[in-house]
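> Mind folding the following:
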Amino acid sequence: MDELLKMTDEQLVKDYSNGNNLAFDILLNRHKQNVYNYIYFIVRNKELSEDIFQETFIKAIITIKQGRYTENGKFRAWISRIAHNLIIDHFRQEKNENTVSNDEAPIDLLNNPALCDGTIEDQMISMQITSDIRKLISYLPDSQKEVLEMRYYQDLSFKEIADITGVSINTALGRMRYAILNIRRMAEENNIVLTM
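Next comes the predicted model:
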């Protein structure tokens, strides 16, 4: 057991693929907290986080057992990518299930003003909110501003951001979290409304 604890992730994966189930237990214990925290940070739902967490490690087990895991020295990034993809799949599926049909509705949903394109006034308010947010972003520390701009304006994943900035995914996530908290704080302090 002590010998297994000293092994690298790659050695443990190899040992597990050769039939040593204890090796996977150590991998699981080594990474479970980071993977769960990553999932929960995004989905913000305990039960859903637990489901996706279990699905992540089941998918990892299947991939390793089928011999499809390619050794590249980045097990943690690989397992996080599996979790990330499962989160995206969940939200895509949820979005598809929430499609609205007007066929059997007792009222005409498609002529509801709340579901129509905004008015000129709505567009002006939206432009003002966007302008206010850009101003608030300019006051953030450079590290937080960089992560926020990469995520929202360049549509990069946290893994891509971490790779580009040379920090861990957790650091990139933390910077994003603090950026959002700081924007909310500055908006409250300056009585800026960021909703329509």
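> Can I get the worst-scoring helix or strand of the chain on mean pLDDT in CSV? Just the C-alpha atoms.
The weakest-scoring helix or strand in the chain, judged by mean pLDDT, DSSP states H and E, is helix 120-138 (a mean of 81). Extracted in CSV, the C-alpha atoms of helix 120-138 (Å, rounded to 0.1, in the frame of the first residue of the first chain):
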residue,chain,number,x,y,z
ILE,A,120,-35.4,50.2,-28.4
GLU,A,121,-35.5,51.1,-24.7
ASP,A,122,-34.5,47.5,-23.8
GLN,A,123,-31.6,47.7,-26.3
MET,A,124,-30.4,51.0,-24.8
ILE,A,125,-30.5,49.6,-21.2
SER,A,126,-28.6,46.5,-22.4
MET,A,127,-26.0,48.7,-24.0
GLN,A,128,-25.6,50.7,-20.8
ILE,A,129,-25.3,47.6,-18.7
THR,A,130,-22.6,46.3,-21.1
SER,A,131,-20.8,49.6,-20.9
ASP,A,132,-21.0,49.6,-17.0
ILE,A,133,-19.6,46.0,-16.9
ARG,A,134,-16.7,46.9,-19.2
LYS,A,135,-15.9,49.9,-16.9
LEU,A,136,-16.0,47.7,-13.8
ILE,A,137,-13.8,45.1,-15.5
SER,A,138,-11.2,47.8,-16.2
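> Only C-alpha atoms, please: export the helix or strand following that helix in PDB.
The helix or strand immediately downstream of helix 120-138 is helix 142-152, counting by DSSP states H and E. Extracted in PDB, the C-alpha atoms of helix 142-152 (Å, rounded to 0.1, in the frame of the first residue of the first chain):
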ATOM      1  CA  ASP A 142      -4.800  42.200 -14.200                       C
ATOM      2  CA  SER A 143      -4.900  38.500 -13.300                       C
ATOM      3  CA  GLN A 144      -8.600  38.500 -12.800                       C
ATOM      4  CA  LYS A 145      -9.300  40.800 -15.800                       C
ATOM      5  CA  GLU A 146      -7.200  38.400 -18.000                       C
ATOM      6  CA  VAL A 147      -9.100  35.300 -17.000                       C
ATOM      7  CA  LEU A 148     -12.500  37.000 -17.300                       C
ATOM      8  CA  GLU A 149     -11.800  38.300 -20.800                       C
ATOM      9  CA  MET A 150     -10.400  35.000 -22.000                       C
ATOM     10  CA  ARG A 151     -13.500  33.200 -20.700                       C
ATOM     11  CA  TYR A 152     -16.300  35.500 -21.800                       C
END
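> From the chain's centroid, how far away is helix 142-152?
Centre-to-centre, helix 142-152 and its host chain are 15 Å apart (CA atoms, centre = their mean, to the nearest Å).
> This completes my enquiry, with thanks.
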